[in-house]
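*Asks:* next come a sequence and a model predicted from it.
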Amino acid sequence: MTEILYKYRSLDNFKNFVDIILKNRLYAAPYKDLNDPMEGQYYYQSGELNRSIRDKILAEKGTLRILSLSRVNNNQLMWSHYADGHKGIAVGVRIDEIKYDVQLIQYDGIATINESNYNSQTAKEILSHKLEVWGYEQEERVFQINQVFINVQIEEVIMGSRVSTQNNGLIRDLIDKINPSIRVLKAEDLFE
């Protein structure tokens, strides 16, 4: 099992949160649905990567599903960008590394690919590199082929500092009924 990793979430669609807690799973998206417009891009020298390899890479990227998680639970930008301006939550989970391929993101720019370094892992390699500007996310990615959900072990739920009183109560009641071993924390306690 991995160390605890965090998925920042809005509570706008509360049934998605219920699904996470009830079924111990998180959604894995196609790479084209991720928020970085450079996602899946790579460099290659003209003439060094033939069309058939480029087509294979595109097809391989198309079969991958990605769950993006963060190693940090107290980054103000993450709370602002991904947890609805602190009105959402961060779900702390562990991933079974025997069952799933978990990769640490490298913030060293877009990957460069050529025929000599093309292999069955090239699509994952491309999707494991991001621009430095995204470094604050401290991201790890779970890769899965054609599987929409990743099974997780939920350890904790952290409430954003601006979660409504109603949502706070609903979340605490839901966790107490479904899995009282999940720790419920408040984000403001992490920032002190």
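*Replies:* Perfect, I can see it now.
*Asks:* quick one: mean pLDDT over stretch 131-146.
*Replies:* Here stretch 131-146 scores 95 as its mean pLDDT.
*Asks:* give me the contact list for it.
*Replies:* 2, 5, 28, 36, 38, 63-72, 75, 77-78, 95, 100-105, 107-110, 124, 127-128, 130, 150 (C-beta atoms under 8 Å, 6 or more residues apart in numbering). To be clear about C-beta, it is placed using only N, CA and C from the backbone, and glycine gets the same treatment.
*Asks:* tell me the buried residues in it?
*Replies:* 137, 138, 139, 140, 141, 142, 143, 144 (16 or more other C-beta atoms under 10 Å).
*Asks:* strands - which of those land there?
*Replies:* Among the buried residues of stretch 131-146, the members found in strands (DSSP state E) are 139, 140, 141, 142, 143, 144.
*Asks:* want to throw those into CSV with distance to residue 56?
*Replies:* Formatted as CSV, these follow (distance: C-beta to C-beta, whole Å):
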residue, distance to residue 56
139, 26
140, 26
141, 21
142, 23
143, 17
144, 19
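*Asks:* and of these, the nearest to residue 114?
*Replies:* residue 143 (22.2 Å; C-beta to C-beta).
*Asks:* now do the SS call for the most centrally placed residue in the chain.
*Replies:* Centroid-nearest residue in the chain, with C-alpha atoms, centre = their mean: residue 68, separated by 1.2 Å. Of the three states, residue 68 takes strand according to DSSP: H, G, I helix; E, B strand; the rest coil.
*Asks:* and the helix or strand of the chain with the lowest mean pLDDT, what does it pack onto?
*Replies:* Every helix and strand of the chain was ranked by mean pLDDT, DSSP states H and E. The lowest is helix 187-190, at a mean of 86. Secondary-structure packing of helix 187-190 (3 or more C-beta pairs under 8 Å, 6 or more residues apart in numbering; DSSP states H and E): strand 153-159.
*Asks:* packing partners for the strand it packs on?
*Replies:* Here strand 153-159 touches helix 14-23, strand 89-94, helix 165-178, strand 183-186, helix 187-190, going by 3+ C-beta pairs under 8 Å, 6+ apart.
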